[in-house]
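Asks: Sequence isn't available, so here's the structure alone:
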């Protein structure tokens, strides 16, 4: 799973790759960082003689990180059952937009783990939500093989199963993903999201209803820390009424068009503080899904937005 030298620089240089693997496996920047730190702690805890025996520290670190994630995914199910309301993955900002937002961060030199994650279709919110429906073993097999192109022989070592069993797990996971993908151009999605923003700002309920699919679903994640709907809101008209009621209850709220996990989204902020990050799925020019993350602990990477 990747080859690097045994030098300290080579080992440290694996951090970005490990964070990308762990975030896709866990859907959480915080947990991904913890998993990677744990893997490094185990590496540095090895006697030097053992380190020198390992031909590819990168492969070793990836295997260990993946096993840590596998354990976390197993315990996550019990934690999610105790979670207040819906659980959504942590949304990721795009630092390249900071030039337009007044910031000066340089993503290439940042130590923030969120800045190290490559924003491609494998971190799209719809994709991550589907990954949540998989068993831990399916998720690990699918992400390592289909996203990062690791061979099943190496994945077998991570999962403690045969390569054939890992291939079957990835195949099962692939069927779930294929039914959830709705290809749409970024430009088309951005136009729809912009129109949603404009309709919300002008309190135009007819326009908002027209932009939402009649069977649209909105899921919000407040984590029990902020007020939000605990169950998904179903139906375009109901969602439109809910969104406009928010405008009445939250004076001073400002909507910004921002990329979320690499796709067009909206960020709601008040007095420079990000309150909500919303991601949209669009099909045939209408919004079919809205995921709104309001849990402040999941919005930490957005704290420097503004």
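Replies: Done, it's in. What you see is a predicted model, and the numbers here were worked out from it, not measured in a lab. Numbering: from 1, shown residues only.
Asks: quick one: contacts for residue 300?
Replies: 29, 30 (Cβ atoms under 8 Å, 6 or more residues apart in numbering). C-beta: built from backbone N, CA, C; applies to glycine.
Asks: Identify each of the strands in the stretch 201-306 of the chain and give its residue range.
Replies: Ranges of strands in the stretch 201-306 of the chain, per DSSP state E, counting those that start in this stretch, are 212-221, 233-234, 254-260, 263-270, 273-283, 286-293.
Asks: Pipe those strands into TSV and attach mean neighbour count per row.
Replies: Shown next, in TSV, are the strands of the stretch 201-306 of the chain (neighbours: other Cβ atoms under 10 Å):
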stretch	mean neighbour count
strand 212-221	20
strand 233-234	16
strand 254-260	18
strand 263-270	21
strand 273-283	22
strand 286-293	22
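Asks: could you dump the ones you listed to TSV with mean pLDDT and distance to residue 79?
Replies: Listed next are the strands of the stretch 201-306 of the chain as TSV, based on pLDDT from 0 to 100; distance: least, Cβ to Cβ, whole Å:
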stretch	mean pLDDT	distance to residue 79
strand 212-221	96	14
strand 233-234	96	24
strand 254-260	95	24
strand 263-270	94	26
strand 273-283	94	22
strand 286-293	96	17
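Asks: Tell me which helix or strand comes right after the lowest-mean-pLDDT helix or strand in the chain.
Replies: Sorting the helices and strands of the chain by mean pLDDT, DSSP states H and E puts helix 98-101 at the bottom, at a mean of 47. Using DSSP states H and E, the next helix or strand after helix 98-101 towards the C-terminus is helix 125-132.
Asks: got the contact list for that following helix?
Replies: 24, 27, 87-89, 91, 121, 139, 142-143, 176-177, 180-182, 260-261, 263, 279, 281, 289, 291.
Asks: how about that helix: buried residues?
Replies: 125, 126, 127, 128, 129, 130, 131 (16 or more other Cβ atoms under 10 Å).
Asks: next one: that helix to chain centre, how far?
Replies: Distance of helix 125-132 from the chain centroid (Cα atoms, centre = their mean, to the nearest Å) equals 8 Å.
Asks: cool, stretch 148-161 as well?
Replies: Using Cα atoms, centre = their mean, the offset of stretch 148-161 from its chain centre is 23 Å.
Asks: My read is that residue 119 contacts residue 262, right?
Replies: Yes. Contact criterion Cβ atoms under 8 Å: residue 119 and residue 262 qualify, at 3.4 Å.
Asks: can you list residues touching both of these two?
Replies: Joint contacts of residue 119 and residue 262 (Cβ under 8 Å, 6+ apart) are 92, 94.
Asks: Tell me the one of the buried residues of helix 125-132 nearest residue 272?
Replies: Nearest to residue 272 among those: residue 125, at 24.3 Å, using Cβ to Cβ.
Asks: ok, that closest one to residue 147 distance?
Replies: Residue 125 is 15 Å from residue 147, where distance means Cβ to Cβ, to the nearest Å.
Asks: residues contacting residue 43?
Replies: 11, 51, 57, 60, 61, 64.
Asks: Over to residue 112?
Replies: Residue 112 touches residue 301, counting by Cβ under 8 Å, 6+ apart.
Asks: just residue 212 next, same as before
Replies: With Cβ under 8 Å, 6+ apart, residue 212 has these contacts: 236, 237, 239, 240, 286, 287.
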